[in-house]
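Peer 1: return atomic coordinates for the entry below.
(2 chains)
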Amino acid sequence: MAELTATQEAFGQRQITYREAVAEGIAREMRRDPAVVCLGEDIGAAGGVFKTTAGLFEEFGPGRVWDTPISEQAIVGAAMGAAMTGMRPVAEIMFSDFLACCWDYLANEIPKVRYMTGGQVTVPLVVRTANGGGLGFGAQHSQATENWAFTVPGLKIAAPSTPADVVGMMASAIRSDDPVVFFEHKGLFASKGPPAPPDHVVELGKAAVVREGADITLVALASMVPVALAAAERLAAEGIDAEVVDLRCLIPLDVSTVLASLAKTSRLTIVEENPYQGGWGATLVSVVADEGFGLLDAPVRRVAGECVPLPFADALEERVIPTVDKVMTAVRTLTAY
Amino acid sequence: MVTGDELLLLYEQMAVIRRTEKAAHDLFLSGLVKGTTHLAAGHEAIAVGASAALRADDYVFATYRGHHHALARGATPEECLAELMSRATGLCGAKGGSMHLTKASAGMLGSYAIVGAHLPMAVGAAWSARLRGTGQVAVAFFGDGATNIGAFHEALNLAAVWKLPVLFVCENNLYMEYTAIADVTAVARPAADRAPAYGIPGEVVDGNDVVLVQEAVDRLARRARAGDGPALLEASTYRHYGHSRADPAAYRPAEEVERWLKHDPLDLARGRLDGLGVSAEAIGAADERATAVVQKAVEAAKAAPAPDPAEALTDVWADGGAAWRN
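Peer 2: Presented below is the predicted three-dimensional model:
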């Protein structure tokens, strides 16, 4: 992948970072729809602690990009009230670990209000948050928490892996009349890819087959997609032809694409950064066991985070988060089955 | 100042709420209401007085003790009681129940049963009103117990910093659930005494006097609409029933109960009506109309069908469905 990127740049194709894509995706929607407003900590003139809102304050001004106090409940609760009354707020929770500070809104309020009022209100909001490990921030700023949201009926969950998908999925998320939790992976912010074409929209709930293969299906999300792709490249040298599915969203869950891939490969490994206990892969595997058992020629393997808090040191963090080597080991076991 | 005719209308609304709550209580005892109820008998003047001071397009957010706010904003007793009785004709199609009465078409944007959670929502609705330039005000009604939860403080601070058109109205009935608010709160006035910390007005009003409530909310709402920011109003009141259906409220001293029952919102309004020259016959007629409308509502709700079980899998998403996968 690194060589490919270098080649594309040598030929003059512009690359943008995942980080730039976040701001680009939001800006496109703010230009299109005056109801889109942003709120969060340090997102204004500071451009966000990860610079994912860089340029928004300059372009749209303080009337549409609002700095807040460190008050996660007020941020997400206010976004909810604004969404119920005609706006399309985009709220930033700086680190996904902090979702726990406003979890009531994501567990009890936002996903339930439409249902418990018999459909009287809609909540068209996006909660964006920097998710996952790999940067050495320690246990309270590194966790992959997408599985938290996955336990709550009533939330849509997006977790893109490429800059173009960030832009396209941000468009869908902001235009969605349903609440969307948008996980931006910290480990991918500096990664680069082709820019999104104009008016790029990626429908939520559509997985992408990012590498075709015949021997095994690797299903991954966010920063685990490049891990799965790197494993697939190295496995190819061993004669194992892996297909890689970038799930892109957890809700809606694109079961069809996974089952269609299994119809080809008959083997499945899931690569997920959240802990094995309660990780999203367990639900996907249960669907496969229920509806795709006849497609399988081998057991299913989940390469997931270890069931411990995220440690600080690189050597320890690497032991906990899925790596290329761990994926390769799992795949070899299954293809030899 | 309110006229006799205007006050008579407010009185009749309060009478309807009082009778609806009594009906809810009786229906629960007869097994027709399941779960629990948090009745607002005694709190009527706060909902009716505030509502009378608000515009039709203003936003109201209430708590699980919220029947009076739904009714004051225009929900019918039949819609409310049908919801409590798990009928398809209920306000929320029987998906919400007693704690979640909502009439969004009348700006009553919900009753929330996680203490304090709706204060930030009201802040957001006020922010939205300001962004859209509509001149609307948002009001969060909450109990005294909510004043010690984080969301209350986060909401007050953000509303003050952004100078939003939002009113925080505390219905202080002296008890959180079973514990006196005074026993667990660092200040004497659990809501109003917190206002200075956020640089906003904090007023106390007799929450059982509908005229005083209307005047206070009118004044604070005008101020908010004029761009002068949020305010906090602490309305003193008292529950006529326990906290919820399981609670006989034996922890309240008999002398205290007696004193407050003598300070009944309906009695106070009757006294004012008398002073304004409204005849006893006119008041009696309002009482009779209230009785009749609630009786009719009970009968209609009893006769209404149960929800279609298929409705359990609707209304999760904006498209009306509940699909989480393909």
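
Peer 1: would you mind writing the CA trace of the helix or strand containing A:Ile26 as PDB?
Peer 2: A:Ile26 is part of helix A:18-32, with elements assigned from DSSP states H and E. Extracted in PDB, the C-alpha atoms of helix A:18-32 (Å, rounded to 0.1, in the frame of the first residue of the first chain):
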ATOM      1  CA  TYR A  18      -8.100  11.000   6.900                       C
ATOM      2  CA  ARG A  19      -7.900  14.000   9.300                       C
ATOM      3  CA  GLU A  20      -8.400  16.500   6.500                       C
ATOM      4  CA  ALA A  21     -11.300  14.400   5.100                       C
ATOM      5  CA  VAL A  22     -13.200  14.800   8.400                       C
ATOM      6  CA  ALA A  23     -13.200  18.600   8.100                       C
ATOM      7  CA  GLU A  24     -13.900  18.300   4.400                       C
ATOM      8  CA  GLY A  25     -16.900  16.100   4.900                       C
ATOM      9  CA  ILE A  26     -18.400  18.400   7.500                       C
ATOM     10  CA  ALA A  27     -17.700  21.500   5.400                       C
ATOM     11  CA  ARG A  28     -19.400  20.000   2.300                       C
ATOM     12  CA  GLU A  29     -22.600  19.500   4.300                       C
ATOM     13  CA  MET A  30     -22.400  22.900   6.000                       C
ATOM     14  CA  ARG A  31     -22.100  24.500   2.600                       C
ATOM     15  CA  ARG A  32     -25.100  22.500   1.300                       C
END
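
Peer 1: whatever helix or strand comes next after it packs against which elements?
Peer 2: Once the chain leaves helix A:18-32, the next helix or strand it forms, by DSSP H and E, is strand A:36-40. Where contact means 3 or more C-beta pairs under 8 Å, 6 or more residues apart in numbering or on different chains; DSSP states H and E, strand A:36-40 is packed against helix A:18-32, strand A:65-67, helix A:72-83, strand A:88-95. From N, CA and C alone the C-beta is placed, and that goes for glycine too.

Peer 1: hmm, back to that, so which elements touch the helix holding A:Ile26?
Peer 2: Applying 3+ C-beta pairs under 8 Å, 6+ apart, we find helix A:18-32 packed against strand A:36-40, helix A:56-60, strand A:88-95, helix A:163-175, strand A:180-185, strand A:192-193.

Peer 1: of all the ones you listed, which lies closest to B:Asn157?
Peer 2: Across those, B:Asn157 has its closest neighbour in strand A:36-40 (14.0 Å, C-beta to C-beta).

Peer 1: alpha carbons only: can I get that closest one in CSV?
Peer 2: The C-alpha trace of strand A:36-40 is given here as CSV (Å, rounded to 0.1, in the frame of the first residue of the first chain):
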residue,chain,number,x,y,z
VAL,A,36,-25.9,21.9,9.9
VAL,A,37,-24.1,23.3,13.0
CYS,A,38,-21.2,22.0,15.0
LEU,A,39,-20.5,22.0,18.7
GLY,A,40,-17.8,20.6,20.9
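
Peer 1: tell me which of the helices and strands packed on strand A:36-40 sits nearest to B:Arg222.
Peer 2: From the helices and strands packed on strand A:36-40, taking C-beta to C-beta, the stretch that ends up closest is helix A:72-83, at 21.5 Å.

Peer 1: wait, A:Leu262 touches A:Gly292, no?
Peer 2: Yes: applying C-beta atoms under 8 Å, one finds A:Leu262 in contact with A:Gly292, separated by 5.3 Å.

Peer 1: and for residue 23, the neighbour number?
Peer 2: Using chain A. By other C-beta atoms under 10 Å in any protein chain shown, 24 other residues sit near A:Ala23.

Peer 1: ah, no, chain B please
Peer 2: B:Ala23 is flanked by 21 other residues according to other C-beta under 10 Å.

Peer 1: what's the answer for B:Ala226, then?
Peer 2: Using other C-beta under 10 Å, B:Ala226 has 10 other residues around it.

Peer 1: which residues sit in contact with the residue nearest to A:Glu291 when sequence neighbours are not counted?
Peer 2: Computed as C-beta to C-beta, 6 or more residues apart in numbering or on different chains, the closest residue to A:Glu291 that is not its neighbour in sequence is A:Leu259, at 6.6 Å. By C-beta atoms under 8 Å, 6 or more residues apart in numbering or on different chains, A:Leu259 lies in contact with A:Val288, A:Glu291, A:Gly292, A:Leu295.

Peer 1: quick check, the host helix or strand of B:Glu154 touching chain A?
Peer 2: If you go by DSSP H and E, B:Glu154 is part of helix B:150-162. Yes: using C-beta under 8 Å from any C-beta of the partner chain, helix B:150-162 reaches chain A at B:Gly150, B:Ala151, B:Glu154, B:Ala155, B:Asn157, B:Leu158, B:Val161, B:Trp162.

Peer 1: just to revisit the earlier point, out of the helices and strands packed on strand A:36-40, which is closest to B:Ala191?
Peer 2: Across those, B:Ala191 has its closest neighbour in helix A:72-83 (17.3 Å, C-beta to C-beta).

Peer 1: between the closest one and strand A:88-95, how big is the angle?
Peer 2: Angle, helix A:72-83 to strand A:88-95, by axes from the mean of the first three to the mean of the last three C-alpha atoms, to 10 degrees: 170 degrees.
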